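Peer 1: Here's my sequence, what's the structure:
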Amino acid sequence: MFKKPNHFRKRGLIITPQKNLWWMKTHAMTPALERLDGSHCKIYFSGRDDKNRSHIGFAIVDLAHPEIVLQYSSEPVLGLGELGCFDDNGVTPSSIVKVGNKTHLYYIGWNPGSTVRMHLFGGLAISTDNGRSFIRYSRAPILERSRVDPFLNTAPYALFEDGQWSMYYVSCEGWVHKDLPRYNIKYATSQDGLVWERLGHVCIDFASTDENALARPFVIREDGIYKMWFAHKGAEYHMGYAESLDGKLWQRKDDFAGLAPSPPGNWDSDMVEYAAVTLFEGRKIMFYNGNNYGHGGIGLATEE
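Peer 2: I've put the predicted structure just below:
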């Protein structure tokens with residue numbers, strides 16, 4: 001493992017808020033990828049409406065020319081949950097898994113808090129029409145509080161390999177104060193992709209006491225090695241990276257992530273986070289967010 005660092009060349013913003021669409025007046029946040037036929041790729045993300053609530057839509061690009069957006073969805077594929085549910089104030093995609101004729105959309109549900117700033121839990125919606133529309137598997141989250149995870153549990157990244165389900169998710173270890181949760185990345189398994197067993201296994205832990213957030217894991221498997229990009233921060237998010245041979249025991253080496261903030265004045269000068277990586281014609285292509293959690297949109301970087 002860690003034979004050589006990743007190195008990505010930034011290509012600039014490609015997916016930007018489309019103010020003519022009611023569901024994405026601002027932001028294009030947290031890309032999640034679905035490979036389509038040929039070289040086309042559907043990039044799910046959340047835009048925000050004029051009340052700052054997140055809805056999930058998509059853009060389609062051709063990975064042969066990924067800097068050009070071919071299509072934006074005119075309407076979201078998943079909107080707000082019912083009043084009082086865990087996702088009544090926003091939804092954000094986290095991962096896409098194709099299983100037969102079904103598309104599983106694992107997502108983050110947003111809900112404002114009272115004693116703490118927010119509640120975040122992982123949800124699931126399923127499509128049977130190739131991602132044109134999604135129906136919630138349940139109005140309740142699939143990652144609710146539990147004995148081993150008593151706080152927020154969110155950002156589920158699911159994998160289905162050789163008939164086996166696994167998941168990496170963000171789990172809060174506690175709140176420093178009302179506005180500051182401290183969370184790392186844990187591991188779960190499932191028989192069906194619907195009901196998940198969580199035993200508290202930590203995959204990626206804090207590097208120091210100054211670190212307070214390890215966010216949205218994204219995992220690929222290349223040459224028999226699991227490779228994870230995630231976001232980590234003290235004050236601002238930067239890109240983290242880890243590798244594993246079995247998908248459970250991980251070695252963290254953030255210097256190998258391959259992407260750092262740009263010089264001052266750029267859209268990603270303060271933060272780089274929420275990477276989504278795919279392989280195309282022998283090289284990696286990354287979509288990611290920058291300053292202010294995707295306010296400017298989604299950028300493109302390609303492996304060199």
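Peer 1: what about the nearest residue to residue 71 once chain neighbours are set aside, how many neighbours?
Peer 2: Among residues not flanking residue 71 along the chain, residue 60 sits closest, at 4.5 Å (Cβ to Cβ, 6 or more residues apart in numbering). Using the backbone N, CA and C atoms, a C-beta is placed for each residue, glycine as well. Applying other Cβ atoms under 10 Å, we find 15 residues neighbouring residue 60.
Peer 1: gap between the residue sitting nearest the centre point of the chain and residue 88?
Peer 2: Geometric centre of the chain, nearest residue: residue 94, 3.7 Å, by Cα atoms, centre = their mean. Going from residue 94 to residue 88 by Cβ to Cβ, to the nearest Å gives 18 Å.
Peer 1: Quick check: phi and psi at the residue nearest to the centre of the chain.
Peer 2: phi -130, psi -40 (degrees, to the nearest 10).
Peer 1: That one reaches residue 143, doesn't it?
Peer 2: No. Using Cβ atoms under 8 Å, residue 94 makes no contact with residue 143, being 10.1 Å away.
Peer 1: what is in contact with these two at once?
Peer 2: Common contact partners of residue 94 and residue 143 (Cβ atoms under 8 Å, 6 or more residues apart in numbering): 122, 154, 156.
Peer 1: What's the end-to-end length of stretch 110-126?
Peer 2: One end of stretch 110-126 sits 19 Å from the other (Cα to Cα, to the nearest Å).
Peer 1: any idea of the mean pLDDT for it?
Peer 2: The pLDDT scores in stretch 110-126 average 97.
Peer 1: next one: it to chain centre, how far?
Peer 2: Once both centres are worked out by Cα atoms, centre = their mean, to the nearest Å, stretch 110-126 turns out to sit 15 Å from its chain's centre.
Peer 1: What residues sit buried inside it?
Peer 2: 110-111, 116, 119-125 (16 or more other Cβ atoms under 10 Å).
Peer 1: Could you dump those residues into TSV and include distance to residue 3 and secondary structure?
Peer 2: As requested, the buried residues of stretch 110-126 are exported to TSV (distance: Cβ to Cβ, whole Å; DSSP: H, G, I helix; E, B strand; the rest coil):
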residue	distance to residue 3	secondary structure
110	39	strand
111	43	strand
116	42	coil
119	41	strand
120	36	strand
121	38	strand
122	33	strand
123	37	strand
124	36	strand
125	38	strand
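Peer 1: just curious, which of those is nearest to residue 239?
Peer 2: Closest approach to residue 239 among the buried residues of stretch 110-126 (Cβ to Cβ): residue 120, at 20.7 Å.
Peer 1: what bridges to the closest one?
Peer 2: Taking DSSP bridges as the rule, residue 120 bridges to residue 110.
Peer 1: For residue 179, see how far away it is.
Peer 2: Using Cβ to Cβ, residue 120 is found at 14 Å from residue 179.
Peer 1: Assumed residue 168 was part of a helix.
Peer 2: No. Read with DSSP: H, G, I helix; E, B strand; the rest coil, residue 168 is strand and lies in no helix.
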